[in-house]
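>>> just the structure for this:
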Amino acid sequence: MPQWIHKLMNNVTEFILLGLTQNPDVQKLLCALFIVIYFLTEAGNLLIVITINTSRALGSPMYFFLSFLSFVDSCCSSTMAPKMILDLLKEKKTISFSGCMTQLFAEHFFGGVEIILLTVMAYDHYLAICKPLHYRIAKNRQMCGHLVAMARAGESLHTLIQILFKVWLPFHSPSVNDHFICDLFPLLKLSCTDTHIFGLFVAANSGLMCFLIFSILVTSYVLVLYSLRTHSNKGQHKALSTCTSPVTVVILFFVSCLFMYLWPMVTFPIDKAVAVF
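Predicted structure coming up:
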């Protein structure tokens, strides 16, 4: 955003982040812990992407989506973790206005694409297990590419709408954000105008959307588990091993999202801890 436009809107040029904790000893411990987790995450995702894209045996749609999901997850982690880790080593934690808006856009864009991919993968699992005869016909490389492109385009529009509302809000100066990242509700609390309507919009745009998609995902995996009654023990074991990891990711991802975005303008003491997940 051009600097002159920002100056016309308000005089806030940066936000002060309070981080996860004010305890120096806990900050050092968390810094070491998050460095290990971040590099393991990046290394694991990179290994998945390289393995799938260099192996001819892993050419099914499931692995195509898994490869792209790993790439998106790596990008999503990189929009927040490096800044959070560096801030744990600093006494004063700040982020510029443009940097805050960029981080907000990136985290919601990649997080939203991840949500859509998890939904597509759930449908992929449903077809592979419940409709195996139609699986090869319904899913091909071209269709997979179209689904990924639609996920990108749809989430770009969804995220851009949310960011446009934030950019034009006037903020208090100094703006102290009691969080370790720039997120929707913490930024709304810093605004000097009435943001009740914006809070309801965020809850509808993010909270209800997450709830709807989470309900669809749970329903799809329940149908998959129900259909396994007619499979052999070997088939049941193979199907369960395929679905266990996605179900775990869905629960961790969506429960934390629902906790943060479903209740407009309501904050809880453990909000920042939930946001880590």
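>>> OK, contacts around residue 104?
162-163, 166, 182-184, 187 (Cβ atoms under 8 Å, 6 or more residues apart in numbering). The C-beta positions use only the backbone N, C-alpha and C, and glycine is treated the same way.
>>> export those residues to TSV and tack on neighbour count, pLDDT and distance to residue 148?
Converted to TSV, the contacts of residue 104 look like this (neighbours: other Cβ atoms under 10 Å; pLDDT from 0 to 100; distance: Cβ to Cβ, whole Å):
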residue	neighbour count	pLDDT	distance to residue 148
162	20	74	22
163	16	76	22
166	20	74	27
182	24	87	27
183	22	84	26
184	24	82	25
187	23	83	30
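>>> out of these, the closest to residue 14 would be?
Comparing the contacts of residue 104 against residue 14 with Cβ to Cβ places residue 182 closest, at 11.0 Å.
>>> okay, which residue is most central for the protein?
Closest to where the C-alpha atoms of the chain average out (Cα atoms, centre = their mean) is residue 111, at 2.4 Å.
>>> confirm it sits in a helix?
Yes. Counting by DSSP: H, G, I helix; E, B strand; the rest coil, residue 111 is located in a helix.
>>> which residue, other than its chain neighbours, is closest to it?
residue 76 (5.6 Å; Cβ to Cβ, 6 or more residues apart in numbering).
>>> quick one: pLDDT of that neighbour?
Per-residue confidence at residue 76 stands at 90 (pLDDT).
>>> please report the distance of it from residue 109.
Residue 76 sits at a distance of 9 Å from residue 109 (criterion: Cβ to Cβ, to the nearest Å).
>>> in the stretch 51-200 of the chain, what spans have low per-residue confidence?
For the stretch 51-200 of the chain, the stretches flagged by pLDDT under 70 are 133-141.
>>> quick one: the helices in it?
Secondary structure of the stretch 51-200 of the chain by DSSP state H, counting those that start in this stretch: the helices cover 61-78, 81-87, 97-130, 132-138, 141-167, 184-189, 196-202.
>>> residue 227 is nearest to which of these?
Using Cβ to Cβ, the nearest of the helices of the stretch 51-200 of the chain to residue 227 is helix 97-130, at 4.6 Å.
>>> okay, angle between the closest one and helix 141-167 too, please.
Interaxial angle, helix 97-130 versus helix 141-167 (axes from the mean of the first three to the mean of the last three Cα atoms, to 10 degrees): 150 degrees.
>>> quick one: buried residues of helix 97-130?
97, 100-130 (16 or more other Cβ atoms under 10 Å).
>>> run the chain-centre distance for that helix.
From the chain centre to the centre of helix 97-130 is a distance of 6 Å (Cα atoms, centre = their mean, to the nearest Å).
>>> what do you get for stretch 216-223?
20 Å.
>>> any buried residues in it, and which?
Those would be 217, 220-221, for stretch 216-223 by 16+ other Cβ under 10 Å.
>>> got the phi and psi for residue 16?
Residue 16 adopts backbone torsions of phi -100, psi 120, taken as degrees, to the nearest 10.
>>> state the distance from it to residue 150.
For residue 16 relative to residue 150 (Cβ to Cβ), the value is 39 Å.
>>> cool, residue 164 as well?
According to Cβ to Cβ, residue 164 and residue 150 sit 22 Å apart.
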